[in-house]
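Engineer: using only what follows, build the 3D model:
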Amino acid sequence: MDEKVRLLENINFHQLAAQHPSLDQFFVGSQYNFDTHEGLIELAQVILLEYFQLKAQLDKTRLCPRIPNRLKYLRLVGSLVEQFKLGDSPLILDIGTGQTCIYPLLGSRLTSWRFIGTDIDERSLECAKKVLEENNVSSERIQLKLVRSGDDPFMDIENCDVVMTNPPFYDETGIKQNKPEKPVLVGKPTELATEGGESQFIINMINHSVKYPGRNTVYSSLVGKYNSLEPVVGKLKELNITNYGLSEFSNKTKRWILFWTFNKNRPSDNIRMIKRSTFNPDKHEIFIPLKNKINLADFLSSIQRTTIERENEVIVFKTKGIVWSRKFRRTNGTNSLKEKGLESIFRITELETKIKVHWCYGDDRAV
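Structural biologist: Presented below is the predicted three-dimensional model:
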């Protein structure tokens with residue numbers, strides 16, 4: 001998927017137009033014009049065909065998917081699948097799948113994942129069904145489902161591994177105040193606006209997700225506006241959801257992806273923290289300076305009621321409770337194990353002058 005992302009970041013539009021003359025009409029001088037809906041529609045159709053061998057005739061009255069950004073979101077989902085250990089054929093729920101069911105369509109072409117695409121607009125699902133039929137995509141790979149606005153999107157999908165969505169950015173006021181010099185947004189009202197805007201849409205998702213704390217599902221959403229991060233991250237903190245992360249990407253415009261979960265696997269910080277942001281979660285990884293050389297494996301083995309394993313240069317350290325604390329030793333760990341019960345796992349790597357500790361499993365941050 002990385003290679004596809006790089007290709008779409010470096011498209012030579014003149015070469016692409018030479019192979020697909022339908023693009024010629026959308027050049028202004030030597031530059032492709034991204035400011036017309038028709039030009040975006042034609043470009044999306046050409047990119048799907050040229051880079052993914054997918055055929056799609058898009059409805060020009062509906063929102064046009066920006067393929068490079070959609071692919072970057074899928075790439076992050078791939079990292080989540082790997083780090084949360086969700087298997088080779090995870091089930092992905094795409095909320096608001098749209099006329100092309102673009103995330104399932106691309107995902108089914110590039111991975112072995114399975115998808116459920118839901119939408120509140122029957123016409124969008126009719127268009128999506130035609131796209132799937134034209135590209136011979138079976139219902140075993142992609143299911144389409146009509147849902148009602150306001151319903152709990154997770155109620156009937158217990159075995160879902162990852163949730164993804166690209167919510168409407170605006171509330172109705174936001175659309176009406178769209179600056180006149182910007183390109184006109186084309187799409188159905190349900191594609192462009194939602195009550196309370198994208199932040200309220202994501203907060204509703206969070207509120208629904210807490211009904212299912214026993215599931216290992218990883219929930220995620222694209223975030224289009226930076227000022228949406230404060231209320232949605234605030235909601236996660238209010239509900240004491242600590243296992244969350246933020247990712248950032250940009251072409252001409254910055255976008256963010258927020259994810260959260262009740263899964264006890266703890267991903268690496270490189271996929272869950274963005275630069276210089278007050279909205280970042282607490283770290284899962286720390287670096288401890290080494291003043292004196294020690295035999296790390298021997299030291300860790302000396303701690304009671306722990307186990308260690310080796311994976312090449314990494315030590316996997318497993319413990320229940322804070323077994324090195326004075327309180328634990330005083331009670332012989334009886335109360336601590338009864339209270340905590342769940343295992344915490346750390347991946348420890350000895351570097352030149354420091355030790356890297358990654359808390360990769362557990363729900364007790366105090367450990």
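Engineer: all helices for this structure, in order.
Structural biologist: Defined through DSSP state H, the helices belonging to the chain, from first to last, are 2-9, 13-19, 37-52, 67-83, 102-110, 122-134, 172-176, 189-192, 197-209, 229-238, 296-301, 326-330, 334-340.
Engineer: now render those helices as JSON lines, adding mean neighbour count, distance to residue 264 and mean pLDDT.
Structural biologist: Where you see a C-beta, it was placed from the backbone N, CA and C, and this is true even at glycine. Formatted as JSON lines, those follow (neighbours: other CB atoms under 10 Å; distance: least, CB to CB, whole Å; pLDDT from 0 to 100):
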{"stretch": "helix 2-9", "mean neighbour count": "13", "distance to residue 264": "28", "mean pLDDT": "90"}
{"stretch": "helix 13-19", "mean neighbour count": "13", "distance to residue 264": "46", "mean pLDDT": "95"}
{"stretch": "helix 37-52", "mean neighbour count": "19", "distance to residue 264": "35", "mean pLDDT": "95"}
{"stretch": "helix 67-83", "mean neighbour count": "20", "distance to residue 264": "12", "mean pLDDT": "95"}
{"stretch": "helix 102-110", "mean neighbour count": "24", "distance to residue 264": "26", "mean pLDDT": "96"}
{"stretch": "helix 122-134", "mean neighbour count": "17", "distance to residue 264": "35", "mean pLDDT": "94"}
{"stretch": "helix 172-176", "mean neighbour count": "12", "distance to residue 264": "38", "mean pLDDT": "61"}
{"stretch": "helix 189-192", "mean neighbour count": "16", "distance to residue 264": "36", "mean pLDDT": "76"}
{"stretch": "helix 197-209", "mean neighbour count": "20", "distance to residue 264": "15", "mean pLDDT": "96"}
{"stretch": "helix 229-238", "mean neighbour count": "17", "distance to residue 264": "17", "mean pLDDT": "97"}
{"stretch": "helix 296-301", "mean neighbour count": "13", "distance to residue 264": "21", "mean pLDDT": "80"}
{"stretch": "helix 326-330", "mean neighbour count": "12", "distance to residue 264": "21", "mean pLDDT": "59"}
{"stretch": "helix 334-340", "mean neighbour count": "14", "distance to residue 264": "13", "mean pLDDT": "49"}
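Engineer: show me where pLDDT drops low in the stretch 201-350 of the chain?
Structural biologist: Of all residues in the stretch 201-350 of the chain, those with pLDDT under 70 make up the ranges 321-342.
Engineer: before we move on, the earlier item: identify whichever of the helices of the chain lies nearest to residue 316.
Structural biologist: Across the helices of the chain, the minimum distance to residue 316, taken as CB to CB, is reached by helix 296-301, at 10.0 Å.
Engineer: can you name every helix or strand that that closest one contacts?
Structural biologist: Helices and strands touching helix 296-301, by 3 or more CB pairs under 8 Å, 6 or more residues apart in numbering; DSSP states H and E, are strand 306-311, strand 314-320, strand 343-350.
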